[in-house]
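**Q** okay, structure incoming, though there's no sequence with it:
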């Protein structure tokens, strides 16, 4: 849909601008006829370079501001993109103000408005040329340099429009329940500055390249500059107009924060464009001072934003990665604790839902004494991690093989509808259930401790062509045909209605595939780059398809009955797998066998959604007892 409607609206904007320009041209009296601009008028150079007092320019600013507001280009460009942006808040995962990838959706909502402002400002500044009235205007008391200043100040009238867009996006995000945390003013102010800068650029292009065509070239040019030149690099992204590209960092706490400095950088860029627009009419001390100030501001802030990370700062960021609990707030629940940064506190109740669903079916004997769920960076945090920080990080500490259950990015349930939320609820519930039955809840980094180098950043995790996982330091284990595997699957599936629906879909897909002996994963699938597998390993223990089918078949029984039977056999469930019960034994508690379990799943309510079951992780070995 994007590739159909957006280009259509862009073409409509271009045609609308041309129609608008033709309308302006037809307003000129036909009797005037074509006017040739003379370059030989006495004193014209002085008039072109003169600047009158502000009281004489202010009325002209109001006139040009009204023309800018009435121009159709900003509205025609913004509407389709705004619809796409708002759709992100009606479906998908939770968006956090602490995540620069999510902030990009908010700030970049003003980018189409900035594009339209650039086109409109360019055409409004060229209005006298298109009307062929430049020679008449040259004889007026307000010379061309002052008219350019009026055009530049008129661009400020587009700031309220940017504010309305930001307010609309933030409001929709808050009302949908998907935007969490406190808005950062240093982030929001970047949007209006982008709009003002775009309008000033449109005016400057009109003065140096006085053809409407070059306004559209400027839009294309700034877009190309924005998405290229290392836009995703943690250092060089700050030198772009918007540092919130598609590759912005999801773990902002692991990188230097330059949002406030970037605002000053944008102000310097606006001053530079303003100076370039006015200097076209002649150089003066005032214009020279503006240009020098702009260059100094941009140079100083560019250095501040791109300077290498110092030793003390690198050590602090590394500690933040290795010990996330230092800055976290822990929320005590009845039988477990959830620890996360304060910005994520709004999600504690959502995280707790599948956890409570799992623990509710356990006897007091089976409930863990100290169950901790902690938000920590997952393995994708190593993407573009600064080398100065990486050399101080030990990945075996960041991703340990311990009893805590990790929560991050894609691992929490969303407040919206859709099967994506079902999958993340089942994934979190299964990792909690794994911890309960003695299986490792999370993937861990199985390698020698870091030797003080950044070599672990380059260890391949996926096949370069197929993006399938390969044998790597990311370790998981396989709990095949074990009672605890079936119990963990059932506990996860019955935890919430959405987890139940997802387990049913996955079990039906496994039965349809036919081979129940293959490993099965409850991880959610995403598209990663930078050497990551499409299915990023998250859960520590894998089960087989037969375990999933057995657990799903038990969902057809009364939950209280199943929980009571598991409670009676709990010691068998958590015993050493070498002498413990198998998945078939669990089914036998309910007078079922493997074939009957498969029939129950097969004969259930059919699902039109087929789950990709290819786990593709590298299995490290059998799970310990």
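**A** Everything's here; your move. Model, not experiment: these values are computed from the prediction.
**Q** return the helix or strand in this protein with minimum mean pLDDT.
**A** helix 44-49 (a mean of 45; mean pLDDT, DSSP states H and E).
**Q** after it, next one along is what?
**A** Moving toward the C-terminus from helix 44-49, the next helix or strand (DSSP states H and E) is helix 54-70.
**Q** buried ones in that following helix?
**A** For helix 54-70, a neighbour-count test (16 or more other CB atoms under 10 Å) marks 57, 60-61, 64-65, 67-68 as buried. For glycine as for every other residue, the C-beta is placed from the backbone atoms N, C-alpha and C.
**Q** could you say what helices and strands that helix packs with?
**A** Applying 3 or more CB pairs under 8 Å, 6 or more residues apart in numbering; DSSP states H and E, we find helix 54-70 packed against helix 111-125, helix 144-154.
**Q** nearest approach to residue 393 belongs to which of these?
**A** helix 111-125 (34.4 Å; CB to CB).
**Q** distance from the chain centre to the closest one, please.
**A** Distance of helix 111-125 from its chain centroid, counting by CA atoms, centre = their mean, to the nearest Å, is 26 Å.
**Q** swap in stretch 306-324?
**A** Using CA atoms, centre = their mean, the distance between the centre of stretch 306-324 and that of its chain works out at 23 Å.
**Q** can you pull the pLDDT of residue 208?
**A** Note for residue 208: predicted pLDDT of 94.
**Q** who are the contact partners of the closest residue to it other than its chain neighbours?
**A** Spatially, and ignoring its direct neighbours in sequence, residue 208 is nearest to residue 280 (5.8 Å; CB to CB, 6 or more residues apart in numbering). Residues counted as contacts of residue 280 (CB atoms under 8 Å, 6 or more residues apart in numbering) are 148, 204, 207-208.
**Q** and those, which is closest to residue 84?
**A** For those, the nearest to residue 84 is residue 204 (29.5 Å; CB to CB).
**Q** chain center to the helix or strand where residue 337 lies, what's the gap?
**A** Counting by DSSP H and E, the element that carries residue 337 is strand 336-340. Put simply, strand 336-340 sits 25 Å off its chain's centre (CA atoms, centre = their mean).
**Q** may I see the buried residues of it?
**A** Quick answer for strand 336-340 (16+ other CB under 10 Å): 336, 338-340.
**Q** and for stretch 215-227?
**A** Neighbour count says stretch 215-227 has 215-216, 218-219, 222, 226 buried, by 16+ other CB under 10 Å.
**Q** on that earlier part again, within the sheet, what are the partner strands of the strand holding residue 337, with directions?
**A** strand 329-332 (antiparallel), strand 371-375 (parallel) (DSSP bridges).
**Q** between the helices and strands packed on helix 54-70, which one is closest to residue 305.
**A** helix 111-125 (20.0 Å).
**Q** show me what the closest one is packed up against.
**A** helix 2-26, helix 54-70, helix 73-87, helix 144-154, helix 159-176, helix 190-208, helix 213-227.
**Q** what about that helix, average pLDDT?
**A** Helix 111-125 comes out at a mean pLDDT of 94.
**Q** quick one, that helix and helix 144-154 angle?
**A** 160 degrees (axes from the mean of the first three to the mean of the last three CA atoms, to 10 degrees).
**Q** relative to helix 213-227, how tilted is helix 111-125?
**A** 150 degrees.
**Q** compute the inter-axis angle for helix 111-125 and helix 190-208.
**A** Using the same axes, to 10 degrees: helix 111-125 against helix 190-208 is 30 degrees.
**Q** what's residue 242 in contact with, if anything?
**A** 104, 107-108, 111, 190, 194, 226.
**Q** cutoff 7 Å now
**A** Applying CB atoms under 7 Å, 6 or more residues apart in numbering, we find residue 242 in contact with 107-108, 111, 190, 194, 226.
**Q** before we move on, what SS does residue 406 have?
**A** strand (DSSP: H, G, I helix; E, B strand; the rest coil).
**Q** that should have said residue 537, apologies.
**A** Assigned by three-state DSSP, the conformation of residue 537 is coil.
**Q** so how far is residue 477 from it?
**A** Using CB to CB, to the nearest Å, we find residue 537 at a distance of 11 Å from residue 477.
**Q** quick one, which of those two is more surrounded?
**A** Comparing residue 537 with residue 477 by other CB atoms under 10 Å, the one with more neighbours is residue 537, at 25 against 19.
**Q** that one reaches residue 469, doesn't it?
**A** Yes. Using CB atoms under 7 Å, residue 537 is in contact with residue 469, at 6.5 Å.
**Q** follow-up on the earlier one: could you point out which of the contacts of residue 280 is nearest to residue 302?
**A** residue 204 (20.4 Å).
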